[in-house]
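Participant: sharing a sequence plus its predicted fold:
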Amino acid sequence: MTSFWVGKRVRLRGIEPGDALAFQRLAEDEERLGDLLNPPRSGESYRIWAEKQASAHPDSDRFQLAVEAVDTGDVVGGVGSHHADPRSGWFEYGVTIGAKHRRRGYAAEAAVLLLRYMFAEHRYHKCQVRIFAHNEASLALHRRLGFVDEGRLREHAFLAGRHRDVVMMGMLADEFAQLHSMTT
């Protein structure tokens, strides 16, 4: 039997202390993409963050994982569930892939692995994702995965000197099951 957390291209795993540089590069890539703008952080702050992630007791509904390429063992991205409301049955997630690793199917496969876990194992009913309206690649990815547009929050976020629209997308568990296998 293969691991629940391993696909054809990626393996999802816990964050290790040695992943600090990879996550620092991911943050820099997100900034260049226009999805994140924070003051510069030191390498030491990423090292401390990665150590905390590596030693933290996991919350099974909110977590961050490294996305590792199966063929090379390199950390190519991150994926995680950021907000969860078990009572109402919804969660939000996010995925990011480093610039030099994009367009290889890593994001889609990482997303499906995480969604399968949340829908099949934790019985969530709905997943939501918030995407900046200017991030056409992410919007297209989520539409291919089966997410539907649920609304646009006009000028909702302030980023890089201006207000940006945020597109809300969602997918229900039964919609996921129709498009993707619920088992490995």
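Facilitator: That came in fine, so what should we check first?
Participant: apart from its neighbours in sequence, what residue is nearest the residue nearest the centre of the chain?
Facilitator: In the chain, the centroid-proximal residue (C-alpha atoms, centre = their mean) is residue 95; its distance is 2.0 Å. In space, residue 95 comes closest to residue 79 once its chain neighbours are excluded; the distance is 4.4 Å by C-beta to C-beta, 6 or more residues apart in numbering. Where C-beta positions appear, they are placed from N, C-alpha and C, glycine not excepted.
Participant: beta partners of the one you found?
Facilitator: residue 65, residue 95 (DSSP bridges).
Participant: where in the protein is the helix or strand with the lowest mean pLDDT?
Facilitator: Within the chain, no helix or strand scores below helix 20-33, which has a mean of 84 by mean pLDDT, DSSP states H and E.
Participant: what does that one contact?
Facilitator: The contact list for helix 20-33 (C-beta atoms under 8 Å, 6 or more residues apart in numbering) reads 15, 36-38, 41, 43, 46-47, 49-51, 66, 74-75, 77-78, 96, 98-99, 135.
Participant: please redo it, this time with the cut-off set to 6 Å
Facilitator: For helix 20-33, contacts defined as C-beta atoms under 6 Å, 6 or more residues apart in numbering pick out 36-37, 46-47, 50, 75, 78, 96, 98-99.
Participant: same deal with stretch 114-130?
Facilitator: For stretch 114-130, the external contacting residues (C-beta under 6 Å, 6+ apart) are 79, 89-93, 142, 166, 168-173, 176, 182.
Participant: could you pull up the mean pLDDT of that stretch?
Facilitator: Across stretch 114-130, pLDDT averages out at 96.
Participant: picking up where we left off before, can you tell me which of the contacts of stretch 114-130 are classed as buried?
Facilitator: 79, 90-93, 142, 166, 168-173, 176 (16 or more other C-beta atoms under 10 Å).
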